[in-house]
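Q: task: produce atomic coordinates for the following.
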Amino acid sequence: MKKPIHTKHAPEAIGPYSQAVIVGDFVYSSGQIGLDPETMEMEKGLVNQTERVFNNLRAVLEASGCTLNDVVKATVFMKDMDDFAKVNEIYASQFEEPFPARSAVEVARLPKDALVEIEVIAKKH
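A: Below is the predicted model:
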């Protein structure tokens, strides 16, 4: 059985998907971009978008009964791999060791012309 997660503290889905889904002991988040959930407007600039992504991820994980410390895998999508160092700096500040497994890839385009998108898998206690 899968249980969809919804919170008003993260952007509403802008398509046919859930903010996250719980299956067994795992939470699978949809990718989060730098949308402000109150205005549904994109944050300006890479740093603001990346920080908003983590705020949105925290909200979705909280609604599922988890925190960023429960994340076991993250996938980071960036519009420009030259942004990796800055995204990585913010990313590193959001997690405690042991850090989650991670993939980071450059993509041609992201929804709403976002500069960064991150999806995570977390293990519930």
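
Q: what about the helices in this protein?
A: For the chain, the helices defined by DSSP state H cover 46-63, 84-94.

Q: got the CA positions of stretch 18-30 in CSV?
A: The C-alpha trace of stretch 18-30 is given here as CSV (Å, rounded to 0.1, in the frame of the first residue of the first chain):
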residue,chain,number,x,y,z
SER,A,18,2.0,13.5,-4.8
GLN,A,19,4.5,15.6,-2.8
ALA,A,20,5.7,12.3,-1.4
VAL,A,21,4.5,8.7,-1.0
ILE,A,22,5.1,6.4,1.9
VAL,A,23,5.6,2.7,1.1
GLY,A,24,6.4,0.5,4.0
ASP,A,25,9.1,2.2,6.1
PHE,A,26,10.3,4.5,3.3
VAL,A,27,9.3,7.9,2.1
TYR,A,28,9.8,8.8,-1.5
SER,A,29,9.6,12.6,-2.1
SER,A,30,8.9,14.2,-5.4
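
Q: now do the buried residues in that stretch.
A: Residues of stretch 18-30 classed as buried: 18-22, 26-30 (neighbour count, 16 or more other C-beta atoms under 10 Å). C-beta here means a position set from N, CA and C on the backbone, and glycine is covered the same way.

Q: could you find the closest non-adjacent residue to Lys73?
A: Of all residues not flanking Lys73 in the chain, Ile121 sits nearest, at 4.3 Å (C-beta to C-beta, 6 or more residues apart in numbering).

Q: let's see the pLDDT reported for the one you found.
A: In the predicted model, Ile121 carries a pLDDT score of 98.

Q: rewinding a little: please identify the most buried of the helices of the chain.
A: Ranked by mean neighbour count, these are led by helix 46-63 with a mean of 21 (mean count of other C-beta atoms under 10 Å).
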